[in-house]
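Peer 1: quick one: sequence and predicted model below, then my questions.
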Amino acid sequence: MQSVDRALTILELLAADGQLGVTEIAGLLGVHKSTASRLLATLESHGLAEQLPDRGRYRLGVGVLRLAGATRSRLDVVQESRPVTKALATEIGETVNIVILSGRETLYLDQVAGTSALRIHNWVGKRNPLHATANGRVLLAHISDTERDALLAASVGSAGSLPRLTEHTVTSRAGLLAELEQVRARGYAVARDELEIGLTAVAAPIRGTDGSVIASLSASGPTFRVADRLDGVVAAVMSAAVAVSHRMGWAGPSRLSS
């Protein structure tokens, strides 16, 4: 923990001063020069610090921009999606969520409650399994095969299947992969009674400037209500996902597809 604290302090010092030498950093940290040098080497290996070739001094590396960009992207997608998700929640009366991939799970960034919701369940900040949710399937469907295989391998239990949350949860790897193919082909995912009995969700991908999927937009509600008008909910969710994608800088067509 002490090393982590010192490394973070170095980043703060570089941010404040712009450029510092090893001796200066060691003095400010109150450590030996060799300790400061090792910490800087570690930061440099991750692109968080870089050494100036002519003066031997250090400054912040471009890796800091990468991390900042990831945080900015999360903040931007919430801000840019809000007008769209509010309109969608009003249109269909169901709860609308913005979700991203975080580790082995989905992470809910934002939520707008629908007018038909009798009981509001706040999903913001919550995590859910990838395989049993519409959002999770959208996100799984648009990552590399290597990353997908690693995530599924980490989720498979001792019995060789994915966790069963309800009697309707798809638990076989082959079954889930077949479903992901469908998600890519049709441009949306549906999870009916798989996370919770009585809950159905429809999700579609949100794309960034380069066309990659950066988040998922979903609408969820009671199965009896959503299932009866599934086609309309799907069309509305896909249209909203396209609108948010355009607000995020995507220049693709008016309908999201693989």
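Peer 2: Ah, there it is.
Peer 1: just the helices in the stretch 101-250 of the chain please.
Peer 2: For the stretch 101-250 of the chain, the helices defined by DSSP state H, counting those that start in this stretch cover 134-141, 145-155, 173-186, 223-226, 230-247.
Peer 1: out of the ones you listed, flag the one nearest Ala89.
Peer 2: Closest to Ala89 of the helices of the stretch 101-250 of the chain, according to CB to CB: helix 230-247, at 9.5 Å. Placement of C-beta: from N, CA and C, glycine included.
Peer 1: please enumerate the strands of the stretch 1-150 of the chain.
Peer 2: Applying DSSP state E, counting those that start in this stretch to the stretch 1-150 of the chain gives strands spanning 49-51, 58-60, 95-102, 105-112, 127-129.
Peer 1: go through those and pick out the most buried.
Peer 2: strand 95-102 (a mean of 24; mean count of other CB atoms under 10 Å).
Peer 1: neighbouring strands for it, and are they parallel or not?
Peer 2: According to DSSP bridges, strand 95-102 forms sheet pairs with strand 105-112 (antiparallel), strand 213-222 (antiparallel).
Peer 1: worst average pLDDT in these?
Peer 2: Between those, the one with the least mean pLDDT is strand 105-112; it has a mean of 89.
Peer 1: low-confidence stretches in the stretch 1-150 of the chain?
Peer 2: Along the stretch 1-150 of the chain, the model assigns pLDDT under 70 to residues 54-55, 65-66, 68-75, 117-121.
Peer 1: what about the closest residue to Ser37 other than its chain neighbours, how many residues nearby?
Peer 2: Using CB to CB, 6 or more residues apart in numbering and skipping residues adjacent in sequence, the residue nearest Ser37 is Val22, 5.3 Å away. Burial of Val22 is recorded as 18 neighbouring residues (other CB atoms under 10 Å).
Peer 1: Ala189 now?
Peer 2: Around Ala189 there are 28 other residues, counting by other CB under 10 Å.
Peer 1: that one contacts Glu181, correct?
Peer 2: No - look at Ala189 against Glu181 with CB atoms under 8 Å: they stay out of range, at 11.4 Å.
Peer 1: coming back round to it: residues touching the residue nearest to Ser37, list them.
Peer 2: For Val22, the contacting residues are 33, 36-37, 40, 56, 58, by CB atoms under 8 Å, 6 or more residues apart in numbering.
Peer 1: picking that back up, can you check which residues contact both of Ala189 and Glu181?
Peer 2: Ala141.
Peer 1: quick one: Gly252 from Gly208, how far?
Peer 2: To Gly208, Gly252 is 11 Å away according to CB to CB, to the nearest Å.
Peer 1: likewise Ile143?
Peer 2: Separation of Ile143 from Gly208 (CB to CB): 14 Å.
Peer 1: and if you look at Glu91?
Peer 2: As judged by CB to CB, Glu91 and Gly208 stand 25 Å apart.
Peer 1: for Tyr108, same thing?
Peer 2: Counting by CB to CB, the gap from Tyr108 to Gly208 is 19 Å.
Peer 1: over to Trp250?
Peer 2: For Trp250, the distance to Gly208 - CB to CB - is 6 Å.
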